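Chemist: Requesting a structural model of the entry that follows:
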Amino acid sequence: MPKSVDVIIPTYRPGKEFRELVKRLLAQEYPVDHIFIMNTGEENWDERIGLISDKVITEHIQKKEFDHGGTRHRAILKSSADIVICMTQDAMPKDRSLVGCLVGPFDEEGVKASYARQLPAQDCKVIERFTREFNYPEHSRIKWKEDLQVLGIKTYFCSNVCAAYDRKTYLELGGFVRHTIFNEDMIFAAGLIRRGYAVAYAADARVVHSHNYSGLQQLHRNFDLAVSQAQHPEIFADVPSEGEGIRMVKQTAGYLFRKRPYLIPKLVWQSGCKYLGFWLGRRYECLPGGVVMKLTMNRDYWRQNTEK
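Modeler: Next up, the predicted model:
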């Protein structure tokens, strides 16, 4: 019997590209029952999105209410589907088989989450394009607890840019952490793995998604990533991320040396920014509040902390 599927998408100032995303989801070969949109800021909403289909259900929240885990969880509670797919508003389905390829791995006993391959956009620059290929290879893989010895931190990797979850298991395990600066997807995936379930990387499920971050933007992003890991030592203390980062830099440098050696200084700069951001994020509790606010990408998270 086919599994029912709902899609969850947080949005902020969605534009015409998002309307195209919704249309592509509704045209999938594997049907989507509902698309739950959690939109931040009703004043920025495009009414035409809600008119595309009665399958589109929108809830507006204020900016101060948004939380990476909590907002998605709130939408998942509205769903009654077997599978919920979390996406971001800038992840464009590559073709009409995305949903079916995400749902397929759940036929394998023990698989309770799957995530898509992220392909670089046309404007994606060389280093980011290689990073996409490193993190999202062309071959699928199902990851179990036993893979920690080989894959390390990558065993827990999962991305809500486009990821599917067994809704029943999601609720049984308590769902995404409610108040987190970042990384709610990987934290939940780690919980699945540690409980004996599996996470599938579905390489045939493809979305177009990439960013051309500057070095400083990479610093801010890695700062928040490290904060999320520092706040969950029960998951990340025994599987440090640094080794995987070094491996990626070495492979990228080797590729550039052969193909684009003039980009090696840029790689050194960006890698240094990433490492510095991560190093500072791991030690965020030792930093003055003003410094934290300058380093983070998500100032609202820290403001929410202050208000509590």
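
Chemist: only C-alpha atoms for contact and neighbour calcs from this point on.
Modeler: Will do.

Chemist: ok, and for stretch 53-69, which residues are buried?
Modeler: 56-58, 66-69 (16 or more other C-alpha atoms under 10 Å).

Chemist: wait, doesn't Q229 sit right on R282?
Modeler: Yes - using C-alpha atoms under 8 Å, Q229 is in contact with R282, at 7.4 Å.

Chemist: Neighbours of the closest residue to A164 other than its chain neighbours, how many?
Modeler: Spatial nearest neighbour of A164, excluding adjacent residues (C-alpha to C-alpha, 6 or more residues apart in numbering): I85 at 4.1 Å. A count of nearby residues for I85, using other C-alpha atoms under 10 Å, gives 27.

Chemist: so I85, which of the three states?
Modeler: Recorded secondary structure, I85: strand (DSSP: H, G, I helix; E, B strand; the rest coil).

Chemist: quick one: pLDDT of it?
Modeler: Looking at I85, its pLDDT stands at 98.

Chemist: List the ones among the buried residues of stretch 53-69 that fall in helices.
Modeler: Among the buried residues of stretch 53-69, the members falling in helices are 68-69 (criterion: DSSP state H).

Chemist: circling back: identify the residues contacting the residue nearest to A164.
Modeler: 5-8, 162-165 (C-alpha atoms under 8 Å, 6 or more residues apart in numbering).

Chemist: Among these, which ones are in strands?
Modeler: Mapping those onto strands (DSSP state E) picks out 5-8, 162-165.

Chemist: quick revisit: output the contacts of I85 in CSV, with pLDDT, distance to A189 and neighbour count appended to each entry.
Modeler: Conversion of these to CSV gives the following (pLDDT from 0 to 100; distance: C-alpha to C-alpha, whole Å; neighbours: other C-alpha atoms under 10 Å):
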residue, pLDDT, distance to A189, neighbour count
V5, 98, 19, 25
D6, 98, 19, 24
V7, 98, 18, 26
I8, 98, 17, 29
C162, 98, 13, 29
A163, 98, 10, 27
A164, 98, 11, 29
Y165, 98, 10, 24
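
Chemist: So which of these is the closest to L25?
Modeler: V7 (8.7 Å; C-alpha to C-alpha).

Chemist: wait, doesn't that closest one sit right on Q28?
Modeler: No - if you go by C-alpha under 8 Å, V7 and Q28 don't touch, sitting 12.0 Å apart.

Chemist: quick one: buried residues of stretch 17-34?
Modeler: Buried, per 16+ other C-alpha under 10 Å, within stretch 17-34: 18-19, 21-22, 24-26, 28, 30-34.

Chemist: Stretch 260-272 now?
Modeler: Within stretch 260-272, the residues that count as buried by 16+ other C-alpha under 10 Å are 264, 267, 270-272.

Chemist: for stretch 187-194, same thing?
Modeler: Neighbour counts over stretch 187-194 (16+ other C-alpha under 10 Å) mark 187-193 as buried.

Chemist: Run through who's touching stretch 148-166.
Modeler: The contact list for stretch 148-166, computed with C-alpha under 8 Å, 6+ apart, reads 82-88, 91, 102-103, 106, 112-116, 143-145, 147, 185-187, 189-190, 193, 199, 201, 207, 236, 239-241, 244.

Chemist: can you pull out the helices in this protein?
Modeler: Taking DSSP H, the helices of the chain run over residues 16-26, 47-50, 68-76, 98-103, 126-135, 148-151, 167-172, 184-194, 215-230, 233-236, 242-259, 264-282, 289-295, 299-307.

Chemist: could you dump the contacts of I85 to TSV with distance to F257?
Modeler: Below are the contacts of I85 laid out as TSV (distance: C-alpha to C-alpha, whole Å):
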residue	distance to F257
V5	45
D6	45
V7	42
I8	41
C162	32
A163	34
A164	37
Y165	40
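
Chemist: In the residues you listed, find the pair that's most separated.
Modeler: With distances taken as C-alpha to C-alpha, the most widely separated pair in the contacts of I85 is V5 and C162, at 13.5 Å.

Chemist: Narrow the contacts of stretch 148-166 to just the buried residues.
Modeler: Of these, these count as buried by 16+ other C-alpha under 10 Å: 82-88, 91, 102-103, 106, 112-116, 143-145, 185-187, 189-190, 193, 199, 201, 207, 236, 239, 241.

Chemist: Ranking helices and strands of the chain by mean pLDDT, which lands last?
Modeler: None of the helices or strands of the chain scores lower by mean pLDDT, DSSP states H and E than helix 299-307, at a mean of 76.
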